[in-house]
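Enquirer: build me a structure from this.
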Amino acid sequence: MSHMALNADSTCRLCGTRVPDADMNRRLCPVCDEYAQHVALQSNRGLERVVGELQNGPVFRAALRNVH
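Expert: Next comes the predicted model:
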């Protein structure tokens, strides 16, 4: 039997869109992953720290209304 239910582990932790199983290592969709990596490189901070800041940042939350 295959399990087709969408669970919290299969969504992007930033935008909430579905994340393909192949991209589940960071739990970020390809768009959010690329953006978070860019911010981390530009700010010389770790990816996990940047993701945490993005999750709580008002600018990113506002951008989510436009779905990327």
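Enquirer: buried stuff in the longest helix seen in the chain?
Expert: When the chain is parsed with DSSP state H, its longest helix is helix 30-43. For helix 30-43, a neighbour-count test (16 or more other C-beta atoms under 10 Å) marks 32-33, 35-36, 39-40 as buried. Every residue, glycine included, has its C-beta placed from N, CA and C.
Enquirer: got the contact list for it?
Expert: The contact list for helix 30-43 (C-beta atoms under 8 Å, 6 or more residues apart in numbering) reads 12, 14-15, 23, 26, 28, 46-47, 49-51, 54, 68.
Enquirer: any stretches of the chain with poor pLDDT?
Expert: Along the chain, the parts satisfying pLDDT under 70 run over 1-9, 23, 59, 61-68.
Enquirer: separation between residue 26 and residue 58?
Expert: 23 Å (C-beta to C-beta, to the nearest Å).
Enquirer: circling back to that earlier point, report the buried residues of the very next helix or strand once past the longest helix of the chain.
Expert: Next along the chain after helix 30-43, taking DSSP states H and E as the criterion, comes helix 47-56. If you call a residue buried by 16+ other C-beta under 10 Å, then helix 47-56 has these buried ones: 50-51, 54.
Enquirer: got it, and stretch 21-31?
Expert: 26-29.
Enquirer: out of those residues, which one sits closest to residue 19?
Expert: Relative to residue 19, the closest of the buried residues of stretch 21-31 is residue 29; by C-beta to C-beta it sits at 5.3 Å.
Enquirer: residues contacting that closest one?
Expert: 12, 14-15, 17-19, 23.
Enquirer: format these as a markdown table; extra columns: secondary structure.
Expert: Output for the contacts of residue 29, formatted as a markdown table (DSSP: H, G, I helix; E, B strand; the rest coil):
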| residue | secondary structure |
| --- | --- |
| 12 | coil |
| 14 | coil |
| 15 | coil |
| 17 | coil |
| 18 | strand |
| 19 | coil |
| 23 | helix |
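Enquirer: list only buried entries from the residues you listed.
Expert: Buried among those (16+ other C-beta under 10 Å): 12, 14-15, 19.
Enquirer: surely residue 19 meets residue 12?
Expert: Yes - counting by C-beta atoms under 8 Å, residue 19 does reach residue 12; the two are 5.2 Å apart.
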